[in-house]
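Trainee: Predicted structure and sequence below. I'll ask about it afterward.
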Amino acid sequence: QVQLVESGGGLVHPGGSLTLSCAASGRNFANYRMAWFRQAPGQEREFVAFITGLGVSSHYTDSVKGRFTISRDIAKNTVYLQMNSLNPEDTAVYYCAAGLSGDGTRSRGYKDWGQGTQVTVSS
């Protein structure tokens, strides 16, 4: 089991940037595929990005490709989401998740979740 705590959310103007962090506690952090999901009001939770255990590869949903970057620091047990060129459609609660197997783009592929951090993009 992995405990996850997100931070770094806030209010940003359109075109701005934010970096989210997710601190993980528990054993064998490097074994876990880590992901970011988001949920806007009245919408289902959607996949944003994942990174494999050792950070060898990553995958993004189409709407964030070229704007968001997921990374991880194994030594710090932390995964990051660098978000650039933010627009109002990126407004959501962002969740960090950890999983060992299954479809990396689906919620069911992750067992452990953080509490979420709010990102609001507005002028």
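Mentor: In hand now; what should we look at? As the structure is a computational prediction, the values presented were derived from the model and not from experiment.

Trainee: going forward, measure contacts between C-alpha atoms and count neighbours the same way
Mentor: Fine.

Trainee: The residue nearest the centre of the chain bridge partners, please.
Mentor: A centroid search over the chain (Cα atoms, centre = their mean) returns Trp36, at 2.2 Å, as the residue closest to the centre. Beta-bridge partners of Trp36, counted by DSSP bridges, are Ala49, Cys96.

Trainee: where do the strands sit along this structure?
Mentor: Applying DSSP state E to the chain gives strands spanning 3-7, 10-12, 18-25, 33-39, 46-51, 58-60, 68-73, 78-83, 92-99, 112-113, 117-121.

Trainee: Name every strand pairing with the first one and say which way it goes.
Mentor: So the one you mean is strand 3-7. strand 18-25 (antiparallel).

Trainee: List the buried residues of the partner strand.
Mentor: 18-24 (16 or more other Cα atoms under 10 Å).

Trainee: how about those in JSON lines, adding distance to Gln82 and pLDDT?
Mentor: Formatted as JSON lines, the buried residues of strand 18-25 follow (distance: Cα to Cα, whole Å; pLDDT from 0 to 100):
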{"residue": "Leu18", "distance to Gln82": "6", "pLDDT": "98"}
{"residue": "Thr19", "distance to Gln82": "4", "pLDDT": "98"}
{"residue": "Leu20", "distance to Gln82": "6", "pLDDT": "98"}
{"residue": "Ser21", "distance to Gln82": "9", "pLDDT": "98"}
{"residue": "Cys22", "distance to Gln82": "12", "pLDDT": "98"}
{"residue": "Ala23", "distance to Gln82": "15", "pLDDT": "97"}
{"residue": "Ala24", "distance to Gln82": "17", "pLDDT": "95"}
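
Trainee: Cool, thanks, signing off.
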